[in-house]
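1. I need the structure of the sequence given here:
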Amino acid sequence: MFALVDGNNFYASCEQVFQPALRGKPLIVLSNNDGCAIARSAEAKALGIRMGQPAHELKHLVRSHGLQVRSANFTLYGDMSARVVAVLRDAAPRVEVYSIDESFLDLSGIRDRERFARDLRARVHRWTGIANCVGIGPTKTLAKLANKLAKHGDGVLDLSDPARREAALAQFPVADLWGVGRRWADKLGSRGIHTAAQLRDAAPDDILAAFGVTLTRTQRELQAHPCIALEEVEPDRQQIMVSRSFGARVEDHDAMAQALATFATRACEKLRKRGLVTSAIGIFAHTDPFRPELPQHNPQRMMNLPAATSDTRLVLTTVRALTRGLLKPGYGYKKAGVWLMDLARPDELQGDLFQAPTVGNEVLMATLDRINRRFGAGTAGMAASGWQAQPQWRMRQNTLSGRFTTCVRELPRAIC
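-> Numbers count the residues shown, from 1 in each chain. Next up, the predicted model:
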């Protein structure tokens, strides 16, 4: 038996935890460079604000309805997500972190599952301030479905009972099912399949022939046959990419080199956190595709390394070499990024007679990471990245809230 715990309007909820003045008011969180809405409070949804709606279309709501706007603060959201997961791990023996705001739990052996879910929901809210819903089902797909329905109920729904499950599936739109996109929903609709119950009862051979194994697995899960296992350990990634859109177009080579060095540093931090090393590095830069009247140039380069590494210094040396001659004079670049490829665990690599399978100073990198974990991200860094500077290429974040949980200087203050 599975449960899915999902934070309600997660990014908006994180903002409201440390800013009580935002509670009960329409609130949106904007994407990178304050472009469009990527999270909405319940009050903002009631105003008809759509997911992905451009920010410039919402300015009138700021004046007329007191709409509150915040720039995306992923440092805060990531830390709050870790706190929620810590509560879940304390309550359940097996937990799969599915996304920043969703986690699957294994409820095997728990008799009164609904009471457990209600207690857990209350505990998460009490200990972290994050409102949440819990869906329970014999498969992950049914738990996901139950979670969506719980948002419109009292916050907890258990679909382990066949009669209750039948009623839920009969009225649940197939387009809202986990793993069914708009294209498949339209194709299913043309076959007279509009609800989850109708997909469950469709001929399996027809579903397999028309849609393949993925939707057939979803069908089996709707029939209460588990096909998707709980993954407690995230599978090793094949590549890691860090990219950003710039707040202003970049023409200067030194500014681009600093941006790419910053992205490479962050990619290496992610690499080491997962215990991996890289054997190939790539970089890219893009001009502004939304300004077709401007000259366009989208270069990218890649280089294989002689030996795998997770040492930021060695990666930066390669990135610096790849950056030379990358830009065209007079072109304004709007986005750039670094990606690390051919990832592997060091103990899986085989060296040769003349060289170890990996290179770099592991002790130095571990010390660097430990300093930044203890004293906050950016405490120590590489000069090439200008890690304590405020560069011209940084993202627009005009309404960014504080790093309330990860920076000593920005801790919330209680006024007595």
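2. And the nearest residue to Glu43 once chain neighbours are set aside, how far from Phe246?
-> For Glu43, ignoring the flanking residues on the chain, the nearest one in space by C-beta to C-beta, 6 or more residues apart in numbering is Pro26 at 4.1 Å. No exception for glycine: its C-beta is placed from N, CA and C like everyone else's. From Pro26 across to Phe246, the span is 29 Å (C-beta to C-beta, to the nearest Å).
3. for Trp184, same thing?
-> Trp184 is 36 Å from Phe246, where distance means C-beta to C-beta.
4. Run through who's touching stretch 144-159.
-> Surrounding stretch 144-159, the residues in contact under the criterion C-beta atoms under 8 Å, 6 or more residues apart in numbering are 4-6, 8, 113-114, 117-118, 121, 132-138, 142-143, 164-165, 168-169, 172, 176-178, 196.
5. Over to stretch 404-413?
-> Outside of stretch 404-413, the residues within contact range by C-beta under 8 Å, 6+ apart are Phe18, Thr75, Leu76, Asp79, Met80, Arg83, Phe375, Gly376, Ala377, Gly402, Arg403.
6. If you rank those by neighbours, which is first?
-> Ranked by neighbour count (other C-beta atoms under 10 Å), those have Met80 at the top, with 26 neighbours.
7. the strands in this protein, which residues?
-> Using DSSP state E, the strands of the chain run over residues 2-7, 27-30, 37-40, 68-71, 95-99, 102-106, 132-137, 156-158, 240-250, 278-287, 300-309, 333-341, 358-359.
8. nearest to Arg126, of those strands?
-> Distance to Arg126, taken as C-beta to C-beta, is lowest for strand 132-137 among these, at 11.1 Å.
9. contacting residues for Ala257?
-> Arg320, Thr323, Ala384 are the contacts of Ala257 under C-beta under 8 Å, 6+ apart.
10. Let's have these in CSV, adding pLDDT and neighbour count.
-> Formatted as CSV, these follow (pLDDT from 0 to 100; neighbours: other C-beta atoms under 10 Å):
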residue, pLDDT, neighbour count
Arg320, 95, 14
Thr323, 95, 21
Ala384, 87, 19
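11. would a markdown table of these with distance to Arg70 be doable?
-> Shown next, in a markdown table, are these (distance: C-beta to C-beta, whole Å):
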| residue | distance to Arg70 |
| --- | --- |
| Arg320 | 36 |
| Thr323 | 34 |
| Ala384 | 31 |
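12. just checking, which of those belong to helices?
-> Counting by DSSP state H, the part of the contacts of Ala257 found in helices is Arg320, Thr323.
13. which among the contacts of Ala257 gets closest to Thr262?
-> After measuring those against Thr262 - C-beta to C-beta - the closest member comes out as Ala384, at 8.5 Å.
14. now the closest residue to that closest one other than its chain neighbours: how far from Ile136?
-> The shortest distance from Ala384 to any non-neighbouring residue, by C-beta to C-beta, 6+ apart, is to Ala261 (4.1 Å). According to C-beta to C-beta, Ala261 stands 47 Å off from Ile136.
15. before we move on, what about Glu231?
-> With distances taken as C-beta to C-beta, Glu231 is found 19 Å from Ile136.
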